[in-house]
Every structure is written in structure tokens, then in C-alpha cells.
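sequence-free structure coming up:
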């Protein structure tokens with residue numbers, strides 16, 4: 001039977017518009033076989049809003065497939081109709097505009113509820129009106145078909161086609177057949193538009209599949225608009241970012257990246273930047289650490305941003321904090337404890353150094369609040385204060401960023417992501433920008449050589465602390481499976497809803513893996529591993545490096561493996577890495593020469609990676625070409641970062657030695673979309 005349907009095609013005897021309600025399965029209701037029914041379904045079995053696809057589908061069924069009956073089938077207790085009726089009673093049609101696709105659907109069904117209310121009388125109660133609206137809606141849909149399809153009208157006029165209504169009784173399983181619309185004669189006699197108005201509306205030009213260096217630079221305000229509209233799609237649950245294909249990856253490899261914006265976000269797994277802004281690979285250059293901070297040892301962040309706005313041409317930087325930030329909660333607690341102590345204690349690990357570095361933000365916030373605020377009050381208000389502090393750090397210590405901001409070629413905005421709603425509040429530039437643009441500093445203190453530089457789905461649909469810690473092998477398996485889905489273009493990570501966001505905001509996060517990856521916009525980590533918010537704790541900088549002043553990276557990882565209980569750390573490099581390529585070129589050009597102090601943060605970042613290029617050349621032996629050194633240096637750099645973590649963090653070293661935490665390495669291939677897993681560093685324990 002299946003073979004016949006494939007070889008000879010379909011010829012359904014009836015086309016049915018039914019409700020998507022899972023309690024009303026059309027083939028079951030009519031005891032039908034495959035090939036019997038051409039089924040169209042949506043919430044409310046409606047054609048009241050932009051339903052050109054339904055009209056076109058029915059024209060295909062009655063034309064090419066030869067169906068001679070269309071049945072529009074409503075059902076009792078229909079959630080869409082009852083919701084629209086409630087909206088009519090509450091708002092009397094039009095009291096508020098649609099804020100999402102669902103709200104738009106219910107709003108447009110309001111006219112059905114209004115007709116039903118009029119027919120039932122002014123004293124009719126909600127239940128009575130809603131029940132009658134089911135029938136009104138069936139005929140409303142039939143009228144829409146006859147009004148806007150010349151093909152269907154002509155077939156009804158000739159007697160070739162009949163369109164009937166029906167109501168399925170959930171309680172009994174019986175269908176009440178209503179027959180044709182009482183207004184059919186009038187509707188088929190009218191000469192009206194042949195297609196629905198929604199199909200005649202001008203269409204926006206579809207954006208390119210991915211942004212590459214072949215595209216022109218995006219103006220700051222346009223880039224901000226992209227972020228704002230993308231976030232609105234994310235909040236309403238209507239994302240449009242395409243699944244990554246082989247052609248898209250190839251374009252990004254061949255032509256290079258040109259992200260429209262750079263974003264400094266928190267590594268918190270509940271705040272995945274690309275997902276929040278419904279962005280595709282190539283759209284956003286992302287830097288992340290615990291607390292979205294540049295207050296401590298952040299040479300790599302400044303260098304990464306100088307690379308993005310200089311070499312890649314991005315014209316917008318957004319520093320984005322988020323509500324319920326664990327790093328700022330820790331900093332608030334540290335501030336209050338230090339405030340009561342008789343003397344300041346030196347940090348005992350990188351995490352303590354990170355939190356102490358953020359105490360100035362907590363102190364500033366407490367002063368602005370006045371009185372004796374609690375740690376919770378300070379942490380909440382400090383989110384915005386910290387955003388602007390990070391912006392100030394960028395402007396104060398980066399001459400290239402200041403120059404672009406002065407000329408108007410670059411804008412730096414602040415924002416806060418609300419875990420509870422999914423919305424991003426944009427604050428615009430810092431009020432102190434004009435003052436900071438006069439700074440003469442060119443490199444952060446942490447880069448001056450100072451010795452003091454420092455199951456995938458849980459009970460809530462996302463991972464929270466109520467789920468047990470995930471062993472490293474299980475987490476690694478999830479990463480491998482997710483990457484394979486990404487590589488073949490078959491992601492399964494669903495949309496995050498308000499309940500999931502609420503769980504992440506109130507219960508907290510429990511990511512199964514912490515990832516140190518490159519900020520390159522072609523390597524969006526949550527997408528690469530097909531994960532949801534709450535799955536992975538992400539740290540990103542240009543070159544996924546810990547070879548130079550990386551106190552914040554180590555502190556963030558100590559926080560993740562300590563407070564959050566994560567058992568796996570993945571250091572992920574990628575092919576054709578711009579930072580590694582630049583470091584290799586810099587190494588070869590200056591090999592054997594005395595080096596002056598780097599003129600800016602980017603230069604210092606590249607100089608810090610020179611040892612990686614040198615080691616790669618030595619391991620290759622002979623006289624390798626520059627591109628061969630750079631390609632091998634990607635792997636060397638991954639192991640160097642892994643070694644650096646174990647060597648310089650007693651906390652991480654202890655966890656690795658005891659087997660509590662595992663550190664794995666990988667290299668993401670831009671061409672294939674797959675991660676090459678390179679395992680544990682052969683040097684880590686020896687260097688510990």
C-alpha cells in the first residue's frame with residue numbers, strides 16, 4: 001500500500017481544515033487510511049489571518065489531486081476560540097495590540113467572538129458565547145475560502161466541488177455535519193480578490209543566509225536594530241535564524257567573517273547570546289566570562305574587540321549583563337564581608353580574585369543605593385552598574401576603540417538581559433563617554449607584566465541545580481551528539497518558553513560543561529553543540545587562550561566547577577583562527593628580534609601567542625610554511641590553554657588530580673561543522 005502511494009501518487013477523497021488540537025486527530029476521527037484525507041490544521045481551524053498557504057493548499061488539493069469535498073471542522077472546547085472569546089470579553093476588541101504571533105491570532109479571531117456574542121444576545125455568558133463561536137468560526141473560514149479563491153468559487157458554482165462545515169464533539173467522538181454556508185449563494189456570485197490580502201502585501205527582501213566579509217559594513221544603529229528585532233523574535237517564540245548548512249559554512253570559510261556587532265556577555269549558561277538575538281553564525285562576535293567584566297586582567301577581551309572593530313569592521317559593541325547574575329551576587333557578598341573585615345585578604349585563587357575585582361562595582365552600587373542595602377539588593381542593582389563599568393574600562397584602556405568612537409564609526413551600548421522574560425533592555429552609550437574619550441591610556445594594567453595579574457534536559461525542561469551533577473563522560477557524550485546534529489543540519493534543541501526561563505532564573509543554573517572557545521562569530525558554541533540555555537557555561541575570547549593574564553577565565557572556571565558543580569571543561573579551538581594566524585605571522589616576522597612593548601592590547605595578545613607559534617614550528621620540524629605552522633598551532637594552543645589552567649589554578653589542579661573534573665580539548669572545523677576531539681593534554685599533569 002505504501003509503495004502504491006509512492007509510485008502512483010495520492011488522490012484524497014476529501015480535504016479537511018481542522019484544529020491542531022491533539023485531541024482531534026483527523027484520520028482517527030474518520031477512521032481513514034493514508035491517502036484518504038488531505039489534512040490542513042492550525043490552532044482554531046481558521047483562515048482569518050495571513051492564511052494564503054491554506055487557500056493555496058486547497059486549490060492544489062481540488063485541482064491537481066481531484067478532491068471534490070472540503071470540510072472545515074471545528075471542535076467543542078476549542079482553546080483558540082475560547083481564548084479569543086475571553087480576549088473579546090476582557091478587551092472588547094483592540095484594547096491592546098498583538099505582541100506575539102499567538103496574540104495576533106487570538107486578536108484576529110476576536111471578530112468571530114464578536115459575531116457570536118451579537119447572535120447570542122447581550123446577556124449571554126462567556127461559556128455560551130464561546131461554544132457558539134466554534135460554529136461561527138467554521139462558517140467564517142468557509143466564507144474566507146469562497147471570498148478569496150477564484151478557483152474554489154468557480155468549482156462550487158459549477159457543482160464540481162462542495163464545501164461543508166462540521167463540529168467534532170470531544171465528549172462523544174461524533175461529528176455534527178453542518179452542510180454548506182448559509183451565505184454560499186451570495187459569496188459565489190460576488191467577484192472579489194482572487195487571493196487573500198496577506199499575499200498581496202509587499203514582502204521584505206530576505207536577508208543573506210550568512211554575513212561574510214563580502215558584505216558591506218553595518219551602521220551602528222542598523223546593527224542595534226538587528227539585535228532588537230532578533231530579541232523580539234526570541235521572546236515571542238518565533239525565531240527565524242536558519243539552520244546552518246554546508247554552503248553557509250563554506251561561505252564563512254572562503255569569504256571570512258564580518259559580524260555586524262560584538263557583544264560582551266556573561267558566561268552564564270542561561271544567557272546564550274546568539275539564541276537571545278536569534279542570530280546566525282557570522283552575525284555576532286561574542287566574548288563571554290563570568291560577570292561580563294573587564295575590571296580584572298582583561299587584556300584578551302580588549303585585544304579581541306580591537307580585532308573585531310579593526311580587522312572585521314564591526315561598528316557596534318554591546319556590553320550585556322543579566323538579572324540574577326551569580327558573579328555579581330558573589331561580588332556583593334565579598335564586598336560586605338571585606339567591609340566588615342579589619343584588613344583586606346589577598347585572593348587565594350582566581351575566583352576570589354575575580355570577585356574581589358568586582359567589589360568596586362558592588363561598593364559603587366551600595367553607595368548609590370544609600371543606607372545599608374542587603375547583598376541581594378546590591379547584586380540586583382549592580383548589574384547595570386557593572387555594564388557601564390565594563391564600557392568605561394574599554395574606553396579608558398583601548399586607544400583604537402576610543403579613536404573609532406570619537407570619529408563616530410563605532411558605538412558602545414549597554415544592555416541587560418532579563419532571565420525571567422527573555423527581553424533585553426538597551427541603555428545606549430555611557431553618560432561618561434565624552435569624558436572617557438579623552439583618556440590617554442593604551443593598555444590595561446593587567447597586561448603590563450605585574451606579578452599580581454590574576455542530562456541535557458532537566459526536570460524543568462532545562463538544567464537547574466535540582467538536577468544531579470552530570471559526570472564528565474556523559475557531558476562529553478552530549479557534546480559529541482549535539483555537534484553531530486549541528487553538522488548534519490538536524491538540530492533538536494527546542495524553543496525556550498517562559499516556564500523554562502523562570503526555572504533558570506529562580507532555581508538557578510547547573511551547566512553540564514564549561515567551554516573556553518574563540519570569540520569568532522563563525523563558532524557560536526550553543527549552536528555548534530545544539531544546546532539550550534542552561535546547558536553550557538561559555539567563556540570566549542579571540543584565540544581561546546589562557547597564555548596571557550587570564551585571571552577572569554580561571555576564576556570563571558573555578559566558579560563553574562565549584563559553585564555550579566560542572567564536571568567537564570572543554571577547550572575548543574577552530575580551524576583558520578584569525579588570532580592564531582596573526583600570532584604566527586607576528587612570530588615569523590620578528591623571530592630572533594628584540595621585541596618592544598606592544599603598542600596596544602591586540603598587539604600584546606598576538607605577542608602572548610608567539611610561544612604557541614614557535615612550539616608549533618618546532619614540533620613540525622624542517623622548514624614548514626606559515627599556513628602549516630598556523631594550522632598546527634591551533635592544536636598546540638588548545639593544549640597550552642589546558643596546561644595553563646592546571647598549572648596556575650590550584651583549585652582546578654586539585655579537582656583534575658582527584659578525578660572530580662576532566663579537561664578535554666577539541667578543534668572545530670569551519671568547513672564541516674564538526675569538532676575533532678583531541679582528548680586530554682599529554683602535558684597537563686606533568687606540568688602541574
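Thanks, I have the structure now. Keep in mind that this is a model prediction, so the values were computed, not measured.

what secondary structure does the residue most central in space within the chain sit in?
Nearest to the geometric centre of the chain sits residue 275, at 0.3 Å (C-alpha atoms, centre = their mean). Here residue 275 is recorded as helix under DSSP: H, G, I helix; E, B strand; the rest coil.

near the closest residue to it other than its chain neighbours, how many other residues are there?
Residue nearest to residue 275 in three dimensions, not counting chain neighbours: residue 526, with 5.8 Å by C-beta to C-beta, 6 or more residues apart in numbering. C-betas here are computed from N, CA, C, even on glycine. Burial of residue 526 is recorded as 23 neighbouring residues (other C-beta atoms under 10 Å).

thought residue 526 was touching residue 276?
No - in this structure, residue 526 is not within contact of residue 276 by C-beta atoms under 8 Å, at 9.9 Å.

follow-up on the earlier one: please identify the helix or strand for the residue nearest to residue 275.
For residue 526, the host element (DSSP states H and E) is helix 525-528.

remind me what the next helix or strand after that helix packs against, helices and strands.
Per DSSP H and E, the first helix or strand lying C-terminal to helix 525-528 is strand 536-541. On a contact count with 3 or more C-beta pairs under 8 Å, 6 or more residues apart in numbering; DSSP states H and E, strand 536-541 meets strand 284-289, helix 299-310, strand 513-518, helix 525-528, helix 551-562.

could you list the domains of the protein?
Split into domains by the TED database, the chain comes to 9-189, 220-325+373-438, 472-679.

any chance of those domains in JSON lines, with distance to residue 366 and mean pLDDT too?
Compiled in JSON lines, the domains of the chain are given as follows (distance: least, C-beta to C-beta, whole Å; pLDDT from 0 to 100):
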{"stretch": "domain 9-189", "distance to residue 366": "36", "mean pLDDT": "85"}
{"stretch": "domain 220-325+373-438", "distance to residue 366": "5", "mean pLDDT": "90"}
{"stretch": "domain 472-679", "distance to residue 366": "22", "mean pLDDT": "89"}
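
now distance to residue 213 too, for these, in CSV please.
Below are the domains of the chain laid out as CSV (distance: least, C-beta to C-beta, whole Å):
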stretch, distance to residue 213
domain 9-189, 34
domain 220-325+373-438, 4
domain 472-679, 11
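
of all the ones you listed, which one comes closest to residue 359?
domain 220-325+373-438 (9.3 Å; C-beta to C-beta).

just to revisit the earlier point, contact partners for the residue nearest to residue 275?
For residue 526, the contact set (C-beta atoms under 8 Å, 6 or more residues apart in numbering) comprises 272, 274-275, 532-533, 535-536, 538.

count the neighbours of residue 367 for me.
10.

so how far is residue 621 from it?
60 Å (C-beta to C-beta, to the nearest Å).

and what of residue 243?
Residue 243 is 42 Å from residue 621, where distance means C-beta to C-beta.

between these two, which is the more surrounded one?
residue 243 (13 against 7).

hang on, isn't the more buried one packed against residue 491?
Yes - taking contacts as C-beta under 8 Å, residue 243 lies within contact range of residue 491: 6.2 Å.

A helix includes residue 262, no?
No - read with three-state DSSP, residue 262 is strand and lies in no helix.

which residues in the stretch 1-150 of the chain form strands?
Applying DSSP state E, counting those that start in this stretch to the stretch 1-150 of the chain gives strands spanning 14-19, 37-42, 69-75.

next: the stretch 401-550 of the chain.
411-417, 424-428, 513-518, 536-541.

need those strands in TSV with distance to residue 597, can you?
Below are those laid out as TSV (distance: least, C-beta to C-beta, whole Å):
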stretch	distance to residue 597
strand 411-417	26
strand 424-428	35
strand 513-518	25
strand 536-541	21
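
closest one to residue 674 among the ones you listed?
So among the strands of the stretch 401-550 of the chain, strand 513-518 is nearest, using C-beta to C-beta, at 14.8 Å.

name the helices or strands packed onto that closest one?
Here strand 513-518 touches helix 472-487, strand 536-541, helix 551-562, strand 568-574, going by 3+ C-beta pairs under 8 Å, 6+ apart.

same thing but at 6 Å, please
With contacts taken as 3 or more C-beta pairs under 6 Å, 6 or more residues apart in numbering; DSSP states H and E, strand 513-518 sits against strand 536-541, strand 568-574.

would you mind finding the most buried of the ones you listed?
Highest mean neighbour count of those: strand 536-541, a mean of 28 (counted as mean count of other C-beta atoms under 10 Å).

quick one: it to helix 299-310, angle?
Orientation of strand 536-541 against helix 299-310 (axes from the mean of the first three to the mean of the last three C-alpha atoms, to 10 degrees) gives an angle of 70 degrees.

run through who's touching strand 536-541.
267, 269, 286-289, 300, 304, 511, 513-517, 519, 525, 553, 556, 560 (C-beta atoms under 6 Å, 6 or more residues apart in numbering).

apply 7 Å and report the result again.
By C-beta atoms under 7 Å, 6 or more residues apart in numbering, the list of residues contacting strand 536-541 from outside reads 267, 269, 286-289, 300-301, 304, 511, 513-519, 525-526, 529, 553, 556, 560, 564, 566.

the domains of the chain: which one's closest to residue 361?
So among the domains of the chain, domain 220-325+373-438 is nearest, using C-beta to C-beta, at 4.7 Å.

how far does the closest one sit from its chain's centre?
13 Å (C-alpha atoms, centre = their mean, to the nearest Å).

quick one: end-to-end distance for it.
22 Å (C-alpha to C-alpha, to the nearest Å).

ok, now stretch 42-54?
Termini of stretch 42-54 sit 10 Å apart (C-alpha to C-alpha).

same question, stretch 279-293
23 Å.

same check, this time on stretch 144-164
13 Å.

and residue 643, how close does it get to residue 546?
9 Å.

err, residue 641, not the other one
For residue 641, the distance to residue 546 - C-beta to C-beta - is 4 Å.

about what we covered before: what's the closest of the contacts of residue 526 to residue 399?
Distances from residue 399 to the contacts of residue 526, taken by C-beta to C-beta, are shortest for residue 538, at 28.7 Å.

and that closest one, bridged to which residues?
Beta bridges link residue 538 to residue 515 when assigned by DSSP bridges.

where do the helices sit along the stretch 51-200 of the chain?
Ranges of helices in the stretch 51-200 of the chain, per DSSP state H, counting those that start in this stretch, are 52-63, 79-91, 101-108, 110-120, 126-148, 150-158, 184-189, 197-200.

list the contacts for residue 26?
16, 18, 37, 39.

and which of those residues is nearest residue 502?
residue 18 (32.7 Å).

how far off centre is stretch 508-515?
Put simply, stretch 508-515 sits 16 Å off its chain's centre (C-alpha atoms, centre = their mean).

how near is the residue nearest to residue 275 to residue 241?
12 Å.

same check, this time on residue 681
Taken as C-beta to C-beta, the span from residue 681 to residue 241 is 35 Å.

settle it for me: which of the two has more neighbours?
Higher neighbour count among residue 681 and residue 241: residue 681, with 22 against 18, using other C-beta under 10 Å.

list phi and psi for that one.
When quoted as degrees, to the nearest 10, the phi and psi of residue 681 stand at phi -70, psi 130.

isn't it up against residue 639?
Yes - using C-beta atoms under 7 Å, residue 681 is in contact with residue 639, at 4.4 Å.

joint contacts of those two?
Joint contacts of residue 681 and residue 639 (C-beta under 7 Å, 6+ apart) are residue 665.

show me the helices in the stretch 551-688 of the chain, by range?
With DSSP H, counting those that start in this stretch as the criterion, the stretch 551-688 of the chain has helices spanning 551-562, 578-590, 601-608, 610-620, 626-648, 650-658, 684-687.

tabulate those helices (JSON lines), appending distance to residue 225 and mean neighbour count.
Compiled in JSON lines, those are given as follows (distance: least, C-beta to C-beta, whole Å; neighbours: other C-beta atoms under 10 Å):
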{"stretch": "helix 551-562", "distance to residue 225": "31", "mean neighbour count": "26"}
{"stretch": "helix 578-590", "distance to residue 225": "27", "mean neighbour count": "21"}
{"stretch": "helix 601-608", "distance to residue 225": "28", "mean neighbour count": "24"}
{"stretch": "helix 610-620", "distance to residue 225": "39", "mean neighbour count": "19"}
{"stretch": "helix 626-648", "distance to residue 225": "35", "mean neighbour count": "22"}
{"stretch": "helix 650-658", "distance to residue 225": "41", "mean neighbour count": "17"}
{"stretch": "helix 684-687", "distance to residue 225": "46", "mean neighbour count": "14"}
